[in-house]
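Colleague: A predicted structure for the sequence below; I have some questions about it.
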Amino acid sequence: MTDRQKKIREEMMKIAGEYISREANRNNLITVTDASISPDLKQLTIFVSVYPNDNEQGALAFLKRHRNDFRSFVKQRISFKVLPFVDFKIDEGEKNRQRIDEILRGEE
């Protein structure tokens, strides 16, 4: 990953966190855990975790429905030659890490 990709990734995670905290309802806790950007800077995937886990699909549906609003939010904060296509996904790695922590603590 180039320095430019790293900077964009970090900034997009910060902006996504701001957007989610402003727009999402307070019934779920949606946390930006990671982001991935393609080498050509045209594809961006933002990974999130949702608490409680039962509401993951509803939260993910909300984020996907508001992708265009999020892109407009990004345009106001960063200037891109070409604004990347944004997708949101549940961070399965984070879920697995939490499950391992539960097992190690004996909370199965």
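Modeller: Sure thing, it's come through. No experiment lies behind these values; they were computed from the predicted model shown. Residues are numbered from 1 along each chain as shown.

Colleague: show me where this protein has its strands.
Modeller: 29-37, 43-51, 85-90 (DSSP state E).

Colleague: now, of those strands, which is deepest in the fold?
Modeller: strand 43-51 (a mean of 20; mean count of other C-beta atoms under 10 Å). Quick note: C-beta positions are derived from backbone N, CA and C, even for glycine.

Colleague: quick one on the thing from earlier: residue 103 is nearest to which of the strands of the chain?
Modeller: In terms of C-beta to C-beta, the element of the strands of the chain nearest to residue 103 is strand 43-51, at 17.9 Å.

Colleague: including mean pLDDT and distance to residue 14, could the strands of the chain go into JSON lines?
Modeller: Below are those laid out as JSON lines (pLDDT from 0 to 100; distance: least, C-beta to C-beta, whole Å):
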{"stretch": "strand 29-37", "mean pLDDT": "93", "distance to residue 14": "8"}
{"stretch": "strand 43-51", "mean pLDDT": "93", "distance to residue 14": "11"}
{"stretch": "strand 85-90", "mean pLDDT": "94", "distance to residue 14": "14"}
